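Student: Following is a predicted model, sequence given first.
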Amino acid sequence: MWDILRDFRPRGARFRREAPIGPYIADFVWLAARIVVEVDGHSHETDDGKIHDRRRDAWLTGEGFTVIRFDNDQVIDNPDHVAITLESRILPFLKPEAGS
């Protein structure tokens, strides 16, 4: 995921890894745009994991963040789809591509 996020750097996206936000640690965050990107492993598929994620997402949303989640398997097996999906979600915050 880090490689995918770094590809958006020339367009102004400044993601950080494992950044603290309140009582939580975001996998990746672009603070200026208030976007959190989470990559979920199998522990997020349990009932407890889902409850924790809903509580966490509600808190982050309440603080003005947009939370974008991907499954770990998606990132590994289909990074192009992840990159396209991510770009569509963060497009309003990106600078135009060079030459556009």
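Tutor: Noted; the coordinates are in hand.
Student: Who are the contact partners of the spatially most central residue of the chain?
Tutor: By C-alpha atoms, centre = their mean, the mean C-alpha position of the chain lies nearest to V37, the distance being 1.2 Å. Residues near V37 by C-beta atoms under 8 Å, 6 or more residues apart in numbering: 1, 5, 15, 26-29, 68-70, 86. C-beta here means a position set from N, CA and C on the backbone, and glycine is covered the same way.
Student: And the strands in the chain, which stretches?
Tutor: 16-21, 24-30, 35-40, 66-71 (DSSP state E).
Student: State the separation between the first one and the centre of the chain it belongs to.
Tutor: With C-alpha atoms, centre = their mean, to the nearest Å as the basis, strand 16-21 stands 11 Å off its chain's centre.
Student: please renumber so the chain begins at 102
Tutor: Happy to do that; since the first residue is 102 now, the last one works out to strand 117-122.
Student: May I see the buried residues of it?
Tutor: For strand 117-122, the neighbour count (16 or more other C-beta atoms under 10 Å) marks I122 as buried.
Student: what lines up beside it in the sheet?
Tutor: strand 125-131 (antiparallel) (DSSP bridges).
Student: can you give me the mean pLDDT across the strand it pairs with?
Tutor: When pLDDT is averaged along strand 125-131, the result is 96.
Student: Would you tell me which helix is longest in the chain?
Tutor: helix 148-163 (DSSP state H).
Student: Show me which residues of that helix are buried.
Tutor: 154, 157-158, 161.
Student: Can you give the contact residues for it?
Tutor: 122-125, 127, 137, 139, 141, 144-145, 168, 170.
Student: Only whichever of those are buried, select them in PyMOL.
Tutor: To isolate the buried ones among the contacts of helix 148-163 in PyMOL, judged by 16+ other C-beta under 10 Å, type:
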select buried, resi 122+125+127+137+139+141+145+168
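Student: I'm done for today, thanks for sticking with me.
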